[in-house]
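K.L.:
Provide a 3D model corresponding to the input given below.
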Amino acid sequence: MKPHSSIPKNTAPIIIIGAGGIVNDAHLPAYRLANFNVIGIYDINIEKAKATAEKYAVPKVYESINQLLEDAPSKVVFDLAVPGNVLTCLLQKLPGHAIVLMQKPMGENYEQAKQILQITRDKKMIAGVNFQLRYAPFITMAREMIEKGNIGELCDIEVNVNVFTPWNLWSFLFEAPRVEIPYHSIHYIDLIRSFLGNPIGIYAKTTKHPMMQDLASVRSNIIMDYGELVRADILTNHCHQFGLHHQQSYIKFEGTKGAIRIKMGVLMNYPTGVPDLFEYTIIKEGKEAEWKTKEIEGSWFPHAFIGSMGEMMKAAEDPVNTPDNSVEDCIYTMACVEAAYKSSNDGAVKISNLIIQCNK
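P.N.:
Numbering: from 1, shown residues only. I've put the predicted structure just below:
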């Protein structure tokens, strides 16, 4: 259990590359809340960059990467909010020793992730990945309770998402060879890793949907293997188009003495969302379990994005501070994603083979 991000007194300026929905809905609102200084923005669509700059009072819009690099101060955080398949090319253009925060995923597959890791090593970059769910306020509270031993020994983590996601908001995903796990469930894989460390292995199946056949996959079942005493499961369905009544989106932590259940409201009725809900219970001998609620200030969007950028700010202030979300750690999240696809592609044990053996 690692992430406890904080913000240093002296923060570095930020230059954002990318002006899409995630920048407008999460990055810039979070940076405004944290009083981070965004000094410029670039996007291949100059009009989109101008509109975002005007909306958030970003003082400079760059017309090219070269112009951006010529203007960038020596100690600046490059915030790369671009699809995973362009990260390697973009990183090669940035200067050595650059401080870089990459939007997840860390490449579209494990091979790209390893290339990204090697580039950052060769160029001696301070590089992190924006796996921001680690820093969501409700996760910070859950982590504090678990570390204090409030719910006993953590032995079960379950993520269940049954919602309707408007994938059309991210047009680039319709060209992506992989969708649900690297662009959504990856957050839960990374989150579970942040509590339990690296799993022994992964069992998974990710599938398409008849109503969303233009996308590679929109539903996933993932089991992260932590041995005989710990269960870690992820179940996602982004195709529940039957109203809010049976939509659900939660993370549940169970221990030997209690449990925590977090409703992630942002995913329901997206992008409008519904309120979060933090509930917990602690067993008292001889008494029925009583669930209580706790008010949590802030949510996943945009507040968690302060935490991932805060890690880069600490590293910018003092390079001794290795970001919790560094590429050196996040490469393991990408390895888990790759293992999930390998498990999904290799298929299940064929029941017919067992029946044949029985009939012999």
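K.L.:
show me where the stretch 251-360 of the chain dips below the pLDDT cut-off.
P.N.:
The stretch 251-360 of the chain contains residues with pLDDT under 70 at 356-360.
K.L.:
just the helices from it, written as ranges.
P.N.:
304-317, 327-346, 351-359 (DSSP state H, counting those that start in this stretch).
K.L.:
I'd like those as CSV, with mean neighbour count and distance to Lys205 appended.
P.N.:
No exception for glycine: its C-beta is placed from N, CA and C like everyone else's. Below are the helices of the stretch 251-360 of the chain laid out as CSV (neighbours: other Cβ atoms under 10 Å; distance: least, Cβ to Cβ, whole Å):
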stretch, mean neighbour count, distance to Lys205
helix 304-317, 24, 28
helix 327-346, 20, 5
helix 351-359, 8, 15
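K.L.:
for Gly201, which of the ones you listed is the nearest?
P.N.:
Closest of those to Gly201 is helix 327-346, at 6.7 Å (criterion: Cβ to Cβ).
K.L.:
helices or strands next to that closest one in the packing?
P.N.:
Here helix 327-346 touches helix 110-122, strand 126-129, helix 186-196, strand 201-207, strand 219-225, going by 3 or more Cβ pairs under 8 Å, 6 or more residues apart in numbering; DSSP states H and E.
K.L.:
show me where the stretch 51-200 of the chain has its strands.
P.N.:
For the stretch 51-200 of the chain, the strands defined by DSSP state E, counting those that start in this stretch cover 61-62, 77-80, 99-102, 126-129, 154-162.
K.L.:
so what touches the third one?
P.N.:
The one in question is strand 99-102. The set of residues external to strand 99-102 that reach it, using Cβ atoms under 8 Å, 6 or more residues apart in numbering, is 12, 75-80, 87, 91, 94, 116, 120, 125-130, 308-309, 312, 315-316, 327.
K.L.:
enumerate the positions of stretch 280-287 that are buried.
P.N.:
For stretch 280-287, burial by neighbour count (16 or more other Cβ atoms under 10 Å) applies to 280-283.
K.L.:
which of the contacts of strand 99-102 are buried?
P.N.:
Judged by 16+ other Cβ under 10 Å, buried ones among these: 12, 76-80, 87, 91, 94, 116, 120, 125-130, 308-309, 312, 315-316, 327.
K.L.:
any low-confidence regions in the stretch 1-150 of the chain?
P.N.:
Scanning the stretch 1-150 of the chain for pLDDT under 70 picks out 1-5.
K.L.:
need the helices for it, in chain order.
P.N.:
For the stretch 1-150 of the chain, the helices defined by DSSP H, counting those that start in this stretch occupy 21-22, 28-33, 46-56, 65-71, 87-93, 110-122, 137-147.
K.L.:
pipe these into a markdown table and attach distance to Asp276 per row.
P.N.:
What follows is these, written out as a markdown table (distance: least, Cβ to Cβ, whole Å):
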| stretch | distance to Asp276 |
| --- | --- |
| helix 21-22 | 19 |
| helix 28-33 | 16 |
| helix 46-56 | 24 |
| helix 65-71 | 36 |
| helix 87-93 | 31 |
| helix 110-122 | 31 |
| helix 137-147 | 6 |
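K.L.:
so which of these comes closest to Ile202?
P.N.:
helix 110-122 (12.3 Å).
K.L.:
got a list of contacts for the closest one?
P.N.:
84-85, 87-88, 91-92, 100, 102, 105-107, 125, 127, 327-328, 331, 334-335, 337-338.
K.L.:
now do that helix and helix 327-346, the angle between them.
P.N.:
Orientation note: helix 110-122 sits at an angle of 170 degrees relative to helix 327-346 (axes from the mean of the first three to the mean of the last three Cα atoms, to 10 degrees).
K.L.:
list the buried residues for helix 110-122?
P.N.:
For helix 110-122, the neighbour count (16+ other Cβ under 10 Å) marks 110, 112-117, 119-120 as buried.
K.L.:
out of these, flag the one nearest to Ser171.
P.N.:
The closest of these, once distances to Ser171 are taken by Cβ to Cβ, is Gln112, at 20.4 Å.
K.L.:
from Leu87, how far out is that closest one?
P.N.:
7 Å (Cβ to Cβ, to the nearest Å).
K.L.:
which residues do these two both contact?
P.N.:
Going by Cβ under 8 Å, 6+ apart, residues that sit against Gln112 and also against Leu87 are Met106.
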